[in-house]
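Participant: Next input, structure requested:
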Amino acid sequence: MGAVDVQADGEHRYAATLTTAGGVSSEHVVTCDERVLAVAGATPAEEPVLVRRVLEVLVRAADEAEAAGRPSALPAVLDLDALDRERPDLLPGLPLH
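Facilitator: Residues are numbered from 1 along each chain as shown. Okay, here's the model as predicted:
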């Protein structure tokens, strides 16, 4: 699996570098909010873990796309609220512990 490097960059905001197994790196800003925490069943203290888990899912998907010869571009800004609307099954199923 590729690598995820994520650091807090303000309230409900994170700076992330994702690197696929093939060595392709990309920089992202990740935003989260209280609604996302509620959907995921996470506490405010678990927010960084939730963000990391989501990014791990996304980098695995990018790895699979890369291995299949498909483009794996992710947006520069990853809004977890918008992602939840697109993939409502994602957040509730993520392990936080």
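
Participant: who does the longest helix along the chain touch, helix- and strand-wise?
Facilitator: Criterion DSSP state H: the longest helix present in the chain is helix 47-67. Helix 47-67 makes packing contacts with strand 3-8, strand 13-19, strand 25-31, helix 34-40, strand 77-79, helix 80-86 when contacts are defined by 3 or more Cβ pairs under 8 Å, 6 or more residues apart in numbering; DSSP states H and E. All C-beta spots, glycine's among them, are computed from the backbone N, C-alpha and C.

Participant: Identify all contacting residues around it.
Facilitator: The contact list for helix 47-67 (Cβ atoms under 8 Å, 6 or more residues apart in numbering) reads 1-4, 6, 8, 12, 14, 16, 18-22, 24, 28, 30, 32, 36-37, 40, 42, 71-72, 74, 78, 80, 83, 90-91, 94-96.

Participant: hmm, back to that, highest average neighbour count across the helices and strands packed on helix 47-67?
Facilitator: strand 13-19 (a mean of 18; mean count of other Cβ atoms under 10 Å).

Participant: residue closest to the middle of the chain?
Facilitator: Geometric centre of the chain, nearest residue: Leu55, 2.6 Å, by Cα atoms, centre = their mean.

Participant: Show me what Pro26 is bridged to.
Facilitator: Rather than Pro, residue 26 is Ser. As for beta bridges, Ser26 partners with Leu18 under DSSP bridges.

Participant: wait, doesn't it sit right on Val77?
Facilitator: No. Checked against Cβ atoms under 8 Å, the pair Ser26 and Val77 is beyond contact range at 11.8 Å.
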